[in-house]
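Chemist: Provided below are the primary sequence and the corresponding predicted coordinates.
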Amino acid sequence: MRSGLLLCMRTVLHAHEKESSHMNDCTTVTTSDIELERQAYRKKQSIRSVLTSIASSLIFVGLVAFGLSNSPGWPRVQESFFSAEYFAQAWPQVLDGLMLNLRVLVVAVIGVAVLGGALALIRITTSAVMFPLRVVARFYTTVMRGIPMLVVLYLIGFGIPGLGLFGRVDPAILGTVAVVMSYSAYIAEVLRAGFQDVHPSQRASARSLGLTSGQTMRLVIIPQALRKIAPALMNDFISMQKDVGLISTLGAVDAVRAAQIAVAKTYNFTPYVVASILFILLSVPFILLNDWYTAKLRSRERTGGLV
């Protein structure tokens with residue numbers, strides 16, 4: 001009896017193996033000649049597009065260079081803005097000033113994240129106890145988004161020292177406070193929009209699983225919202241990188257102020273070009289990262305993936 005059962009099991013396993021091998025043979029896909037032709041055509045078109053882009057770019061650059069070099073005032077502009085001698089002289093001073101911009105940027109990013117996040121959470125809360133804070137947060141974001149950044153710098157940079165409460169305050173600190181106050185309003189609205197854009201069913205599902213309101217916000221709402229608003233946040237960060245250069249209006253010796261001092265000594269505007277190049281080098285990596293992440297999100301949306 002037992003031997004018959006073993007024989008039956010072996011027969012079934014052998015039949016299953018034969019069926020599996022047959023299915024594997026059937027599922028082997030061979031690329032047709034038509035598909036190979038299509039792939040070759042697409043590759044050829046891609047190469048042609050790349051070559052055309054390179055050629056058109058070279059032609060455009062050549063035309064611009066030809067137009068500038070043949071302009072009547074180009075020799076004066078070249079001497080005033082693109083002098084190699086003054087470039088080498090201004091580079092160390094402007095680079096040293098850029099270090100101050102970086103320190104201000106790091107502190108400002110942390111301050112904006114904390115203040116902007118707090119404002120966004122206050123704006124979306126529905127608790128009756130938080131009503132006064134919601135009114136204050138809404139008033140703050142509305143007013144600060146309506147005041148130009150330069151005016152905020154003047155109000156903070158000259159208003160706070162005028163109170164005489166803190167003695168002499170470093171202009172870089174005042175500039176950092178102004179940047180935080182201005183950009184926190186924009187970041188708060190971006191975060192609020194992201195939080196509210198998460199479908200209500202996500203919150204309801206989390207609460208039905210036993211999560212508290214705080215856990216739902218921390219584990220469900222915030223992670224989904226941040227993925228959606230990441231490109232907007234990165235754009236604001238790139239804009240903040242440039243606006244930290246405005247602290248020079250308060251007397252802080254940053255990259256822009258160092259360039260101004262060099263220009264005042266030499267009456268040559270090449271130091272401004274040096275400052276521009278340094279800010280471009282600082283911003284380009286984040287711009288490329290933002291473009292890459294935005295394209296990745298768009299691709300995932302087209303393929304039906306979760307954002």
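Modeler: Looks like it arrived, so ask away.
Chemist: give me phi/psi at residue 253?
Modeler: Main-chain torsions, residue 253, degrees, to the nearest 10: phi -90, psi 80.
Chemist: since we're on it, how many residues are nearby?
Modeler: 17 (other C-beta atoms under 10 Å). Any C-beta I mention is one placed from the backbone N, CA and C, and that applies to glycine too.
Chemist: Repeat that for residue 90.
Modeler: Residue 90: 25 neighbours (other C-beta under 10 Å).
Chemist: Chain neighbours aside, what residue packs nearest to it?
Modeler: Leaving aside its sequence neighbours, residue 90 sits nearest to residue 271 (C-beta to C-beta, 6 or more residues apart in numbering; 3.8 Å).
Chemist: That neighbour is in what secondary structure piece?
Modeler: Taking DSSP states H and E as the criterion, residue 271 maps to helix 270-302.
Chemist: same deal with residue 223?
Modeler: Counting by DSSP H and E, residue 223 is found in helix 222-243.
Chemist: Tell me the helices and strands packed up against the following helix or strand past that helix.
Modeler: Going down the chain from helix 222-243, the next helix or strand is helix 255-266, by DSSP H and E. On a contact count with 3 or more C-beta pairs under 8 Å, 6 or more residues apart in numbering; DSSP states H and E, helix 255-266 meets helix 84-124, helix 270-302.
Chemist: mind listing what's buried in helix 255-266?
Modeler: 255, 256, 257, 258, 259, 260, 261, 262, 263 (16 or more other C-beta atoms under 10 Å).
Chemist: my guess is the residue nearest to residue 90 meets residue 86, correct?
Modeler: Yes - here residue 271 reaches residue 86: they are 6.8 Å apart, a contact under C-beta atoms under 8 Å.
Chemist: so what's residue 84 up against?
Modeler: Contact partners of residue 84, counting by C-beta atoms under 8 Å, 6 or more residues apart in numbering, are absent.
Chemist: if you set the cut-off to 10 Å instead, what comes out?
Modeler: Contact analysis of residue 84 by C-beta atoms under 10 Å, 6 or more residues apart in numbering lists residue 270.
Chemist: so what are the domain limits for this structure?
Modeler: 38-70, 83-302 (automatic domain parsing).
Chemist: The ones you listed into CSV, with extra columns for distance to residue 31 and mean pLDDT?
Modeler: Converted to CSV, these look like this (distance: least, C-beta to C-beta, whole Å; pLDDT from 0 to 100):
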stretch, distance to residue 31, mean pLDDT
domain 38-70, 8, 86
domain 83-302, 25, 89
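Chemist: Tell me which of those approaches residue 77 most closely.
Modeler: Checking the domains of the chain against residue 77 by C-beta to C-beta gives domain 38-70 as the closest, at 8.1 Å.
Chemist: That closest one: how far from the chain's middle?
Modeler: Centroid separation between domain 38-70 and its chain, computed with C-alpha atoms, centre = their mean, to the nearest Å, is 29 Å.
Chemist: And for stretch 260-275?
Modeler: The answer for stretch 260-275 is 30 Å, by C-alpha atoms, centre = their mean.
Chemist: that older thread, which of the helices and strands packed on helix 255-266 has the highest mean neighbour count?
Modeler: helix 84-124 (a mean of 18; mean count of other C-beta atoms under 10 Å).
Chemist: any idea which helix or strand comes after it?
Modeler: Next along from helix 84-124, by DSSP H and E: helix 131-146.
Chemist: send the alpha carbons of the helix or strand following that next one over as PDB?
Modeler: Note on helix 131-146: by DSSP H and E, the next helix or strand toward the C-terminus is helix 149-163. Presented in PDB, the C-alpha positions along helix 149-163 are these (Å, rounded to 0.1, in the frame of the first residue of the first chain):
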ATOM      1  CA  MET A 149      12.300  90.700   1.100                       C
ATOM      2  CA  LEU A 150      14.400  93.800   0.900                       C
ATOM      3  CA  VAL A 151      11.900  95.800   3.000                       C
ATOM      4  CA  VAL A 152      11.800  93.000   5.600                       C
ATOM      5  CA  LEU A 153      15.600  93.300   5.800                       C
ATOM      6  CA  TYR A 154      15.400  97.000   6.400                       C
ATOM      7  CA  LEU A 155      12.600  96.700   9.000                       C
ATOM      8  CA  ILE A 156      14.400  94.000  11.000                       C
ATOM      9  CA  GLY A 157      18.000  95.300  10.400                       C
ATOM     10  CA  PHE A 158      17.300  98.900  11.400                       C
ATOM     11  CA  GLY A 159      14.200  98.400  13.600                       C
ATOM     12  CA  ILE A 160      15.500  95.900  16.200                       C
ATOM     13  CA  PRO A 161      18.700  97.800  16.900                       C
ATOM     14  CA  GLY A 162      16.600 101.000  17.300                       C
ATOM     15  CA  LEU A 163      14.700  99.500  20.200                       C
END
